[in-house]
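Peer 1: any chance you could fold what I've pasted below:
(one chain, ligands or ions: 1)
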Amino acid sequence: MPANSKNWFEGWRLFAVLSLTLVALSIWIAGMRQFEVDGVRMVIRFTARTSLLFFCLAFGAAALARLWPNAGSRWQRRNRRYLGVTFAASHAIHAVAIGCFAVMDPAGYAAATSIASYIFGGIGYAFIIAMTATSFDRTAAALGPRAWRMLHVSGGYYLLFQFTVSFGKRIPDMPLYALFLIPLVAVFALRMIAMTSARTPRAVGAG
Ligand code: HEM
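Peer 2: Reported below is the predicted structural model:
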């Protein structure tokens, strides 16, 4: 099979299947708690975790394909735009569930948030909206490659930082939350190694 041959699960179809699955699972999770506030909070946590998954798949794709080129990593790199937009869809559900939480239980919501979560979360959402809006051929071309790269690289690192803080601050109460940091550290390390290897010319005669 040629290295870049496409399969069924690619492109916008990949995005549609994954996003509809996330919507269906979120409704199912909220429904398990009769759509009460507990269920809504479970959806907030669920989508934070699915967002982590799709963010890491998208932001680590190019580095992984560079360091370990194979059919899987090439698929991931080819579809990183759609994985990134799936991350945005997951975080849109996070936002809807946050809104429901605020309306259904204002006191609980106030206790679970702070000025810092609005500032840092707000910046995070601003990046997500800008990155999603420029994830189409036309809008990306209108922005130009330099500005596009600046936006997507700085936004990516900002979101990596925000995931690290949001999961990290829960570790003192729930030590198993440290596991969520593993994919974040792995993506950061992959990108650093790939960047260094891109700058280091191969030794003459090396394979
Ligand atoms: C203004 C924007 C945001 C607000 C108000 C907000 C609000 C919340 C709230 C209330 C929770 C706790 C839910 C609960 O304990 O029941 C939560 C969890 C979380 N949020 Fe957000 N969020 C925002 C944006 C973001 C962004 C941009 C990210 C990541 C890039 C993020 C990542 C997380 C993570 C990782 C958790 C922990 C989930 C868990 O416990 O497993 N949030 N958020």
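Peer 1: the residue most central in space within the chain and Gly155, how far apart?
Peer 2: Nearest to the mean C-alpha position of the chain, counting by C-alpha atoms, centre = their mean, stands Phe55 at 2.0 Å. Separation of Phe55 from Gly155 (C-beta to C-beta, to the nearest Å) stands at 11 Å. C-betas here are computed from N, CA, C, even on glycine.
Peer 1: can you map out the helices along the protein?
Peer 2: 11-32, 37-59, 61-67, 71-78, 80-104, 106-112, 115-133, 137-143, 145-168, 181-199 (DSSP state H).
Peer 1: need the residues of this structure near the ligand, please.
Peer 2: Residues of the chain lying close to the ligand by C-beta under 6 Å from any ligand atom are 41, 44-45, 48-49, 94, 98, 112-113, 117-118, 121-122, 124-125, 159, 162-163, 166-167, 170.
Peer 1: those, buried ones only, as a PyMOL selection?
Peer 2: Here is the PyMOL selection string for the buried members of the residues of the chain next to the ligand, based on 16 or more other C-beta atoms under 10 Å:
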select buried, resi 41+44+48+94+98+121+124+125+159+162+163+166+167
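Peer 1: wouldn't Arg49 be in contact with Tyr177 here?
Peer 2: No: Arg49 lies out of contact with Tyr177 (C-beta atoms under 8 Å); the separation is 10.6 Å.
Peer 1: surely Glu93 touches Ala24?
Peer 2: Actually, residue 93 is Ile rather than Glu. No: applying C-beta under 8 Å as the test, Ile93 and Ala24 come out as separate, 10.8 Å apart.
Peer 1: the two: which is more packed in?
Peer 2: Taking other C-beta atoms under 10 Å, Ile93 and Ala24 do not tie; Ile93 has more neighbours (21 against 10).
Peer 1: from Arg138, how far off is the residue lying closest to that one once chain neighbours are set aside?
Peer 2: Using C-beta to C-beta, 6 or more residues apart in numbering and skipping the chain neighbours, the partner closest in space to Ile93 is Thr47 (4.7 Å). As judged by C-beta to C-beta, Thr47 and Arg138 stand 28 Å apart.
Peer 1: who has more neighbours out of these two?
Peer 2: Just comparing Thr47 and Arg138: by other C-beta under 10 Å the higher neighbour count belongs to Thr47, 24 against 8.
Peer 1: and that one, what's its pLDDT?
Peer 2: pLDDT recorded at Thr47 is 98.
Peer 1: can you give the contact residues for stretch 136-150?
Peer 2: Here stretch 136-150 makes contact (C-beta atoms under 8 Å, 6 or more residues apart in numbering) with 133-134, 151.
Peer 1: give the buried subset of those as a ChimeraX selection command.
Peer 2: In ChimeraX, a selection of the buried entries from these looks like this (16+ other C-beta under 10 Å):
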select :134,151
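Peer 1: could the contacts of stretch 136-150 be laid out in CSV, adding pLDDT?
Peer 2: As requested, these are arranged in CSV below (pLDDT from 0 to 100):
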residue, pLDDT
Ala133, 98
Thr134, 97
Leu151, 98
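Peer 1: Lys6: which of the contacts of stretch 136-150 is nearest?
Peer 2: Nearest to Lys6, judged by C-beta to C-beta, of the contacts of stretch 136-150 is Thr134 at 23.5 Å.
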